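Student: what follows is a predicted protein model with its sequence.
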Amino acid sequence: LERMELIAPAHVDNPFRFSFRAPESLPNPLLKMEKVSAGYGDRIILDSIKLNLVPGSRIGLLGRNGAGKSTLIKLLAGELAPVSGEIGLAKGIKLGYFAQHQLEYLRADESPIQHLARLAPQELEQKLRDYLGGFGFQGDKVTEETRRFSGGEKARLVLALIVWQRPNLLLLDEPTNHLDLDMRQALTEALIEFEGALVVVSHDRHLLRSTTDDLYLVHDRKVEPFDGDLEDYQQWLSDVQKQENQTDEAPKENANSALARKDQKRREAELRAQTQPLRKEIARLEKEMEKLNAQLAQAEEKLGDSELYDQSRKAELTACLQQQASAKSGLEECEMAWLEAQEQLEQMLLEGQSN
C-alpha cells in the first residue's frame, strides 16, 4: 500500500493494463556473486562485486555513463562471462531481461501474436489476443509485422513477452526509454506487485522511487550500496562534477614546449565552448527545480491545514491538489532532464580530455 501511494492515481482511461503472474518458483537466494570481476578483454570495468539477490530484492543501479551499469546487468543476465569469480544461480531461476538491443531481436516479418504463440503454442488464440490487448496491441496491430513498429511498440512487445514467461528475476536496462506516460505508469504499477527480485537501470526517477528499496552506486570499478536517496545522488553527481572541474582548472605542469601548452589551452577553450549550451541548460533546470520545489512545499503546507477539507472550501482544495500534482510532475521531468544533461556533459568532458 505504501508503494501504491507513491505513484500517481491510475488513469481510468489508460489503454495499458497488465500484471506479473506469480512466478512458478522463488528459490532463495536467486543469484549470488562473490568477488566477481567483469570487463572486456584486458579492460576491467568492475572489480570485486559482491551481490546477493533474494525474492523481494528491489535494487536501482545509479552511476554515470560508462561506469558499468549495463555491464553489471549483462553479467547478471549471463550475456557477459565474469573475468574472475563465480556467479551462483539457483536451480529454477527464470530471468526476464530487458535491454534496448533486444528490440532488434524481434523477427521483422512476424506479428505480436506470432511471437507470443511461439512461447505458448498450446494456448487459444483469443487468450493470446486478450493478453496482447493489455499492452496496447489490438485489432490489426495484433497481426501486423513488427518491421513497421515504432521503438515504443517494439519495447511494449518485448515487455509483453517477458511478462508472459513469469520470471522470478527481472533485469531491466532503461525499460522506459521509448515508452509514453501511460505505458510507464502501467509498467510501474505492475513492477510494484512483482514478487521476484528486481534490478533496474533507469533515468525515470518516478519508476525508481516507486519500485526499488535499495540503491547501489556503480563508480570507480565498484558496486556498493548507496547511502542516500535520489536527491542525495543528484547532489553526489554535482559534487563529483565540481571536483573534476577544479582539477581540470588547476595549474598543470607541462614538460612540453610552449607550443604544446598553447595547443592545450586552445583545446580547453574549444571544450568550454562546446559544453557551454549544456552547462546553461543544467543551470536553467536547477533554477526550475528550485521553483517547483517551492511550489510543492507551498501546496503541501496548505494541504496540512485540516480546515481546508471543509465542504465550503472544496474548490480551494481541488486547486491545491492540482498544484501539488503539477509541481510533482514537473519536478520529475526536470530531474530526469537534469540527470541526462549531466551525463551528456560528463561524456563530452571525458571525450574532450582523451583527445
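Tutor: In hand now; what should we look at?
Student: using the three-state scheme, assign residue 80.
Tutor: The three-state label given to residue 80 by DSSP: H, G, I helix; E, B strand; the rest coil is coil.
Student: wait, it touches residue 74, no?
Tutor: Yes - under the criterion of CB atoms under 8 Å, residue 80 makes contact with residue 74 at 4.1 Å. Yep, even glycine has a C-beta here, placed from its N, CA and C like the rest.
Student: next, give phi and psi for residue 68.
Tutor: Main-chain torsions, residue 68, degrees, to the nearest 10: phi 120, psi 10.
Student: what is residue 199 paired to in the beta sheet?
Tutor: residue 59, residue 171 (DSSP bridges).
Student: begin at 40 from now on, thanks
Tutor: Yes, from this point I'll number from 40; that puts the last item at residue 238.
Student: surely it touches residue 206?
Tutor: No - using CB under 8 Å, residue 238 is not in contact with residue 206, being 11.7 Å away.
Student: on the pLDDT front, check residue 389 for me.
Tutor: pLDDT recorded at residue 389 is 69.
Student: against residue 272, how distant is the residue nearest the centre of the chain?
Tutor: In the chain, the centroid-proximal residue (CA atoms, centre = their mean) is residue 241; its distance is 0.8 Å. Using CB to CB, to the nearest Å, we find residue 241 at a distance of 13 Å from residue 272.
Student: go on, residue 208?
Tutor: Noted for residue 208: a distance of 24 Å to residue 272, by CB to CB.
Student: so which of these two has more stuff around it?
Tutor: Neighbours per residue (other CB atoms under 10 Å) separate residue 208 from residue 272, with residue 208 holding more: 25 against 19.
Student: with neighbour numbers in mind, choose between residue 238 and residue 206.
Tutor: Legend: neighbour count by other CB under 10 Å for residue 238 and residue 206, higher for residue 238 (26 against 21).
Student: where does the chain dip in pLDDT?
Tutor: Scanning the chain for pLDDT under 70 picks out 40-52, 285-298, 389, 391-394.
Student: please enumerate the helices of it.
Tutor: Secondary structure of the chain (DSSP state H): helices at 41-45, 108-116, 151-158, 164-172, 190-203, 220-232, 244-250, 269-288, 297-342, 353-393.
Student: give me the helices and strands touching the third one, please.
Tutor: Going back to what we said before, that points to helix 151-158. Helix 151-158 is packed against helix 164-172, helix 190-203, with contacts defined by 3 or more CB pairs under 8 Å, 6 or more residues apart in numbering; DSSP states H and E.
Student: just those helices: most buried one?
Tutor: Among the helices and strands packed on helix 151-158, helix 190-203 has the highest mean neighbour count (mean count of other CB atoms under 10 Å), at a mean of 20.
Student: kindly export that helix (C-alpha atoms) in PDB.
Tutor: Extracted C-alpha coordinates of helix 190-203, given in PDB (Å, rounded to 0.1, in the frame of the first residue of the first chain):
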ATOM      1  CA  GLY A 190      10.500   1.900 -30.900                       C
ATOM      2  CA  GLY A 191       7.800   2.200 -28.300                       C
ATOM      3  CA  GLU A 192       5.700  -0.500 -29.900                       C
ATOM      4  CA  LYS A 193       8.800  -2.800 -30.100                       C
ATOM      5  CA  ALA A 194       9.600  -2.100 -26.400                       C
ATOM      6  CA  ARG A 195       6.000  -2.900 -25.400                       C
ATOM      7  CA  LEU A 196       6.100  -6.200 -27.300                       C
ATOM      8  CA  VAL A 197       9.400  -7.200 -25.700                       C
ATOM      9  CA  LEU A 198       8.000  -6.400 -22.300                       C
ATOM     10  CA  ALA A 199       4.800  -8.400 -23.100                       C
ATOM     11  CA  LEU A 200       7.000 -11.500 -24.000                       C
ATOM     12  CA  ILE A 201       9.000 -11.100 -20.700                       C
ATOM     13  CA  VAL A 202       5.900 -10.800 -18.500                       C
ATOM     14  CA  TRP A 203       4.200 -13.800 -20.200                       C
END
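Student: quick one: list the elements packing against that helix.
Tutor: Counting contacts by 3+ CB pairs under 8 Å, 6+ apart, helix 190-203 is packed against strand 134-137, helix 151-158, helix 164-172, helix 220-232.
Student: could I get the ones you listed as TSV with distance to residue 195?
Tutor: Listed next are these as TSV, based on distance: least, CB to CB, whole Å:
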stretch	distance to residue 195
strand 134-137	11
helix 151-158	9
helix 164-172	9
helix 220-232	6
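Student: that older thread, save the helices of the chain as CSV, and put in distance to residue 62 too.
Tutor: Shown next, in CSV, are these (distance: least, CB to CB, whole Å):
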stretch, distance to residue 62
helix 41-45, 19
helix 108-116, 17
helix 151-158, 16
helix 164-172, 17
helix 190-203, 11
helix 220-232, 12
helix 244-250, 17
helix 269-288, 28
helix 297-342, 38
helix 353-393, 30
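Student: closest one to residue 127 among these?
Tutor: Nearest of these to residue 127, taken as CB to CB: helix 108-116 at 11.9 Å.
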